[in-house]
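Q: Build the 3D model from these lines:
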Amino acid sequence: IMKMYYFKLAVLKVYNYILFIFLRDFFKSKCIQLLQLLLYYHGFHYCVLL
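A: Numbering: from 1, shown residues only. Alright, predicted model coming up:
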């Protein structure tokens, strides 16, 4: 019974780790996309002002 408990714990840890890495990479790419959008947007406004 204890073996099953540790096995479940290990699976949960691996699952959380994969989820964490996936979410981190997902948000990183999203943040980069948002930053690029902001840069393009501000660059456009800057050109209009000139």
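
Q: Give me the mean pLDDT for the strand or helix carrying Ile21.
A: Here Ile21 sits within helix 2-49, counting by DSSP states H and E. Helix 2-49 carries an average pLDDT of 85.

Q: Now do that helix: which elements does it pack against?
A: Of the remaining helices and strands, none touches helix 2-49 by 3 or more C-beta pairs under 8 Å, 6 or more residues apart in numbering; DSSP states H and E. Every C-beta, even on glycine, is put in place using the N, C-alpha and C of the backbone.

Q: Now do it: distance to the chain's middle.
A: On the basis of C-alpha atoms, centre = their mean, to the nearest Å, helix 2-49 sits 0 Å off its chain's mean C-alpha point.

Q: Tell me, how many residues neighbour Tyr41?
A: For Tyr41, the count of nearby residues is 10 (other C-beta atoms under 10 Å).

Q: what does Lys13 give?
A: Lys13 - counted by other C-beta under 10 Å - has 10 other residues nearby.

Q: ok, it to Lys30 distance?
A: According to C-beta to C-beta, to the nearest Å, Lys13 and Lys30 sit 26 Å apart.

Q: CA-only coordinates of stretch 37-47 in PDB, if you can.
A: Extracted as PDB, the C-alpha positions of stretch 37-47 are listed here (Å, rounded to 0.1, in the frame of the first residue of the first chain):
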ATOM      1  CA  LEU A  37       3.100  44.000 -30.400                       C
ATOM      2  CA  LEU A  38       3.700  46.800 -28.000                       C
ATOM      3  CA  LEU A  39       7.000  47.700 -29.800                       C
ATOM      4  CA  TYR A  40       5.300  47.700 -33.200                       C
ATOM      5  CA  TYR A  41       2.400  49.700 -31.900                       C
ATOM      6  CA  HIS A  42       4.600  52.400 -30.300                       C
ATOM      7  CA  GLY A  43       6.900  52.400 -33.300                       C
ATOM      8  CA  PHE A  44       3.800  53.100 -35.500                       C
ATOM      9  CA  HIS A  45       2.700  55.900 -33.200                       C
ATOM     10  CA  TYR A  46       6.300  57.300 -33.200                       C
ATOM     11  CA  CYS A  47       6.300  57.300 -37.100                       C
END
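
Q: All good on my end, thank you.
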